[in-house]
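Student: Here is my input, please return the structure:
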Amino acid sequence: QVQLVESGGGLVQSGGSLRLSCAASGNPYRVNGMGWYRQAPGKQRELVAAITSGGDTNYADSVKGRFTISRDNAKNTVVLQMNNLKPEDTAVYSCNAAIVVLTTQGFPWEYDYWGQGTQVTVSS
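Tutor: Have a look, this model is predicted:
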């Protein structure tokens with residue numbers, strides 16, 4: 001069964017760095033777009049960064065120049081490197097991926113998968 005497994009996160013002081021990793025396990029047929037979302041208390045979930053299988057990236061304005069998203073297609077992993085963290089970056093970060101699996105009839109079908117979420121806390 002395909003699932004996204006996240007690692008990283010934690011507590012860091014303002015100006016510090018953290019690295020989030022996410023791996024698609026379960027032998028997916030193909031992994032298309034991958035990305036990271038975050039949700040702070042009392043706020044809606046927002047896209048932080050996304051990357052296509054071809055390497056095209058997209059960032060939220062609030063993180064441009066500080067965060068970098070990358071992926072390893074051979075390992076089906078995506079990494080979010082977060083530098084110069086600010087208290088307003090505090091949130092639960094979740095990995096998301098569009099993953100193609102083979103149905104029981106052998107046809108490829110794309111599903112949307114989410115990781116379990118990891119807490120990032122930036123102290124001032």
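Student: isn't Tyr122 right up against Ser17?
Tutor: Actually, residue 122 is Val. It isn't Tyr. No. Using Cβ atoms under 8 Å, Val122 makes no contact with Ser17, being 10.4 Å away. Placement of C-beta: from N, CA and C, glycine included.
Student: Please enumerate residues in contact with the longest strand anywhere in the chain?
Tutor: Assignment by DSSP state E gives strand 91-102 as the longest strand of the chain. Strand 91-102 is contacted from outside by 2, 4, 6, 9, 20, 22, 24, 28-40, 43, 45, 48, 78, 80, 108-120, using Cβ atoms under 8 Å, 6 or more residues apart in numbering.
Student: Only the buried subset of these, as a ChimeraX command please.
Tutor: Under the burial definition 16 or more other Cβ atoms under 10 Å, those of these that qualify are selected in ChimeraX by:
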select :2,4,6,9,20,22,24,28,31,33,34,35,36,37,38,48,78,80,113,115,118,120
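Student: returning to what we had before: who does the longest strand of the chain pair with, and is each partner parallel or antiparallel?
Tutor: Each strand that pairs with strand 91-102, with its direction, by DSSP bridges: strand 30-39 (antiparallel), strand 108-114 (antiparallel), strand 118-123 (antiparallel).
Student: Distance to Lys64 and mean pLDDT for those strands - can I get that in CSV?
Tutor: As requested, these are exported to CSV (distance: least, Cβ to Cβ, whole Å; pLDDT from 0 to 100):
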stretch, distance to Lys64, mean pLDDT
strand 30-39, 14, 97
strand 108-114, 24, 96
strand 118-123, 17, 98
